[in-house]
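1. here are the coordinates; sequence isn't available:
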């Protein structure tokens, strides 16, 4: 646990930050904005201090963080993005399954199955309702994918209304005949568990249960278990999920399928073939499912740097980063998850970038958007995409910062995901202008492109990606790699704390690259587009 800053220190820090950003300090219009380390470090130290209590969704620290960001946006000179307000409300439901009060279970071939909540399966409402009654047939729908471009429809000729679908995670593997299907070795969004829930809801299913394996999910059952036995969060407006959402362990699924007279391995093999047809199981979900539900309001914070071109200023480049982390949990000696790298660093970077952007506006407008509840499933960015403060068809691009490089400067910058659009070439040019190269692309085996806030924009058709730190360190490469690897043990743990001895040159470099790229996009003669055939490009083309 970091030492608690005294109230005097906190007040002094906040005051000094505000005084450091006079809105009237406008440089020449053609001056290239240069990101400074001092404000970035000051913001990082404060945002990750115990004072903000880990910035947890629905906790006191969240309210303090929003107030801080709002104040800094005002002091920097950003214009409010939501009328006269910097805030955009995000309606969220906190949901916690109540297995003790529930009678929910599975009956296969007339026999009740023993499934223990937590160790065999987990579940909860996807529609923010506290109680549901079930007497629903179970149907195995393979990967649960509907992808017209792949000629794939696991729901074909099936009405799942009132049914509970059982689904595999990941997407169909490439074959010798079709080595590039579903992006070959790389994971597509169709393989993500979030997609499975979304598609089941679109199909009208009463419930959806995912079959977990370490390989298909890319993490162990304990990750699922730890998430679902505690309070989870979901948007409580717009698109809601099915009445039941949950997971089955592989062992529990095998037991269930056997009791229902089916061979799970045989069905898995059948589901790899185009034209697979859903299989009704001789099993039903029966009983009452209960959960505790609380409704809360969190906030995105957004400020604008207006563009200078009479025509292009109606278009926008948006920079994002999530301000939330895991907050206070448990009653241990250190129960504050400070989230210094994840993602106080990204928010500090955005604030330092904004300080300079207001001094030298670009042709297009620029938005600095600090989003809520990323750790709960990209909720803040999803809420923005559903109800944008700027028309999405006028939004040129989204550049996202999540967990900046606290090791030191690098010769490369990771822009994976940019290659899906014109942003790839622009990113390479920006890197070259800074004496860097772009990190070579690799197959996205774990679906990293779909796990950060930029993805909410991509789904809505806006060219987007996250800028990650490079790996070719300029100083002490071997020692730097060891230091970088050591962060894995601190990720999402109480040990992710700010260290005053950190060399922040890598963070400054990453923020500078992002601002340079954003300005290149903002000054370009036309909006960037998606590469031909990209699934997200089709979304923009349809609008």
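-> Sure, I can see it. Since the model is a prediction, treat every value here as computed from it, not as a measurement.
2. Just give the number of residues close to the nearest residue to residue 228 once chain neighbours are set aside.
-> Of all residues beyond its chain neighbours, the one nearest residue 228 is residue 122 (3.6 Å), with distances taken as Cβ to Cβ, 6 or more residues apart in numbering. (C-beta placed from N, C-alpha, C; glycine too.) By other Cβ atoms under 10 Å, 25 other residues sit near residue 122.
3. list the contacts for residue 122?
-> 97, 224, 225, 228, 229, 246, 247 (Cβ atoms under 8 Å, 6 or more residues apart in numbering).
4. so how far is residue 513 from residue 431?
-> With the distance defined as Cβ to Cβ, to the nearest Å, residue 431 ends up 7 Å from residue 513.
5. Please list only the buried members of the contacts of residue 122.
-> By neighbour count, with 16 or more other Cβ atoms under 10 Å, the contacts of residue 122 hold 97, 224, 225, 228, 246, 247 as buried.
6. so can I have TSV of those residues showing distance to residue 237 and pLDDT?
-> As requested, the buried ones among the contacts of residue 122 are exported to TSV (distance: Cβ to Cβ, whole Å; pLDDT from 0 to 100):
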residue	distance to residue 237	pLDDT
97	22	97
224	26	93
225	29	92
228	22	92
246	22	97
247	25	98
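7. before we move on, the earlier item: could the contacts of residue 122 go into a markdown table alongside secondary structure and distance to residue 128?
-> Converted to a markdown table, the contacts of residue 122 look like this (DSSP: H, G, I helix; E, B strand; the rest coil; distance: Cβ to Cβ, whole Å):
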| residue | secondary structure | distance to residue 128 |
| --- | --- | --- |
| 97 | strand | 13 |
| 224 | helix | 20 |
| 225 | helix | 22 |
| 228 | helix | 15 |
| 229 | coil | 18 |
| 246 | strand | 15 |
| 247 | strand | 19 |
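8. Go through the residues you listed and say which is closest to residue 341.
-> Checking these against residue 341 with Cβ to Cβ, the nearest one is residue 224 at 24.2 Å.
9. which ones are touching the closest one?
-> The contact partners of residue 224, taken as Cβ under 8 Å, 6+ apart, are 122, 212, 217, 247.
10. what do you get if the cut-off is 7 Å, keeping everything else the same?
-> Contacts of residue 224 were listed using Cβ atoms under 7 Å, 6 or more residues apart in numbering, and they are 122, 212, 247.
11. and the residue nearest to residue 228, bridged to which residues?
-> When assigned by DSSP bridges, residue 122 has beta-bridge partners residue 247.
12. which residues in the stretch 101-250 of the chain form strands?
-> Taking DSSP state E, counting those that start in this stretch as the test, the strands found in the stretch 101-250 of the chain are 105-108, 111-113, 121-124, 131-140, 146-147, 152-153, 164-168, 207-212, 232-235, 244-249.
13. how about those, which one is nearest residue 507?
-> When those are ranked by distance to residue 507, counting by Cβ to Cβ, first place goes to strand 232-235 at 28.5 Å.
14. Can you name every helix or strand that the closest one contacts?
-> The criterion is 3 or more Cβ pairs under 7 Å, 6 or more residues apart in numbering; DSSP states H and E, and the helices and strands that strand 232-235 contacts are strand 87-97, helix 379-386.
15. Identify the residues contacting that strand?
-> Contacts of strand 232-235 with the rest of the structure, by Cβ under 7 Å, 6+ apart, involve 57, 91-95, 124, 126, 128, 241, 373, 376, 379, 382-383.
16. could you redo the last one with a cut-off of 8 Å?
-> Counting by Cβ under 8 Å, 6+ apart, strand 232-235 makes contact with 57-58, 90-96, 124, 126, 128, 240-241, 373, 376-377, 379, 382-383, all of which sit outside it.
17. What residues sit buried inside it?
-> Residues of strand 232-235 classed as buried by neighbour count (16+ other Cβ under 10 Å): 232, 233, 234, 235.
18. what bridges to residue 89?
-> Under the criterion DSSP bridges, residue 89 forms beta bridges with residue 299.
19. Quick check: the gap between it and residue 382.
-> In this structure, residue 89 and residue 382 are separated by 14 Å, where distance is defined by Cβ to Cβ.
20. for residue 311, same thing?
-> Remark: distance between residue 311 and residue 382 (Cβ to Cβ) = 31 Å.
21. the more surrounded of the two?
-> Neighbours around residue 311 and residue 382, counted as other Cβ under 10 Å, are more numerous at residue 382. The numbers are 25 against 9.
22. Was I right to think the more buried one contacts residue 456?
-> Yes: with contacts counted by Cβ atoms under 8 Å, residue 382 reaches residue 456, the gap being 4.7 Å.
23. which neighbours do these two share?
-> Contact with both residue 382 and residue 456 is made by no residue, according to Cβ under 8 Å, 6+ apart.
24. quick one: least confident helix or strand in the protein?
-> Lowest mean confidence among the helices and strands of the chain (mean pLDDT, DSSP states H and E): helix 7-20, at a mean of 43.
25. Done for today, thanks.
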